[in-house]
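# Requesting a structural model of the entry that follows:
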Amino acid sequence: MTEDIKRQLSAWAATYHCADFIQSDPVQFPHRYVQKQDIEVSGLLTAIMSFGNRKQILKKADELHALMGASPYKYVLSRRWERDFPSTDSSSFYRMLSYADFYSYFKRLHAAYSRFDSLEDALLVHSGTPMEKLCAFLDVSSKSPQKKLNMFLRWMIRRGSEVDFGIWQGFDCRDLVIPLDTHVCRVACALGLTETETFSLKNARRITAALAEVFPDDPCFGDFALFGYGVNHK
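Numbers count the residues shown, from 1 in each chain. As a prediction, the model looks like this:
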């Protein structure tokens, strides 16, 4: 990576890593809350929904949060989700995510908060990287890029940020993986951070390692730099 590219990445990250970023991003939903558990529930479910058209993501996430009310954490404990998201309802709530899918997510969260004080504590019983722990909790593959889950982990773990929360003290932001999608693949390839636009966990780790050359203590700070590239090269 050239010094010019490093300087440009640093400049873009500094420009777009700010509170203004929140207004049009799904991270706005967990920012409605102060309590750790509310942020965890809102953040996880919002991240899981964060694919497809941005306007539709925000619309359906707003609908979900209207159901959960003032405290997503209390909503989980109340089990009202059993009524709102029947386990037998396979119809779509958002794109390919059904009401039954959300029943499953709420059931896992209820089990976690019935045993542990926080979702962070529930994940710490699992082994591996932050991504592997979260995949184990949700019973999904840790062999794919898992863009949405890595975005949620960035929200919870990165500290000293106006955008991310940094409320999970038991994790290290150096262990995060860049949230990879086709846009990030394309931008990273254009900047020479990777030689391929392949959508894979291996490529996500390759791009993260390249960003660590610029941001060694916080590679996913580079996520804002890649966003900045996209804004400046529309």
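
# what about the longest helix in the protein?
For the chain, the helix with the greatest residue count under DSSP state H is helix 99-115.

# So residue 127 sits against residue 137, correct?
No: using CB atoms under 8 Å as the test, residue 127 is too far from residue 137 to be in contact (11.7 Å). Using the backbone N, CA and C atoms, a C-beta is placed for each residue, glycine as well.

# Extract the C-alpha set from the helix or strand where residue 225 lies and format it as CSV.
Element membership of residue 225, judged by DSSP states H and E, is helix 222-232. Taking C-alpha atoms only, helix 222-232 is exported to CSV below (Å, rounded to 0.1, in the frame of the first residue of the first chain):
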residue,chain,number,x,y,z
GLY,A,222,-11.1,1.9,8.1
ASP,A,223,-14.7,1.1,7.5
PHE,A,224,-15.4,4.8,7.6
ALA,A,225,-12.6,5.4,5.1
LEU,A,226,-14.1,2.9,2.6
PHE,A,227,-17.4,4.7,3.1
GLY,A,228,-15.7,8.0,2.4
TYR,A,229,-14.2,6.6,-0.8
GLY,A,230,-17.7,5.7,-2.0
VAL,A,231,-19.0,9.2,-1.3
ASN,A,232,-16.2,10.8,-3.1
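
# show me what contacts the closest residue in space to residue 197 that isn't next to it in sequence?
Excluding the flanking residues, the one nearest residue 197 by CB to CB, 6 or more residues apart in numbering is residue 185, at 4.3 Å. By CB atoms under 8 Å, 6 or more residues apart in numbering, the residues touching residue 185 are 194, 196, 197, 198, 199, 203, 207.

# what does the model give residue 93 for pLDDT?
Confidence at residue 93, expressed as pLDDT, is 98.

# Next, count neighbours for the residue nearest to it when sequence neighbours are not counted.
Nearest residue to residue 93, sequence neighbours excluded (CB to CB, 6+ apart): residue 99, at 5.1 Å. Applying other CB atoms under 10 Å, we find 18 residues neighbouring residue 99.

# Return the distance of residue 99 relative to residue 23.
29 Å (CB to CB, to the nearest Å).

# What of residue 112?
Going from residue 112 to residue 23 by CB to CB gives 30 Å.

# now residue 147
Applying CB to CB, the value for residue 147 to residue 23 is 21 Å.

# Confirm that residue 93 lies within a strand, as I assumed.
Yes: counting by DSSP: H, G, I helix; E, B strand; the rest coil, residue 93 is part of a strand.

# List the contacts of it.
60, 64, 85, 99, 101, 102.

# Distance-wise, check the fourth one relative to residue 77.
This points to residue 99. 20 Å.

# nearest spatial neighbour of residue 88, skipping sequence neighbours?
In space, residue 88 is closest to residue 100, 6.7 Å off (CB to CB, 6+ apart).

# In contact with the one you found, which residues?
Counted by CB under 8 Å, 6+ apart, residue 100 has contacts 85, 86, 87, 88, 89, 90.

# Just the buried ones from the residues you listed?
Among those, those scoring as buried are residue 85 (criterion: 16 or more other CB atoms under 10 Å).

# Can you tell me which of the contacts of residue 100 lies closest to residue 30?
Taking CB to CB as the measure, residue 30 lies nearest residue 85 of these, at 19.4 Å.

# Now for the closest one: which residues touch it?
93, 99, 100, 102, 103, 106.
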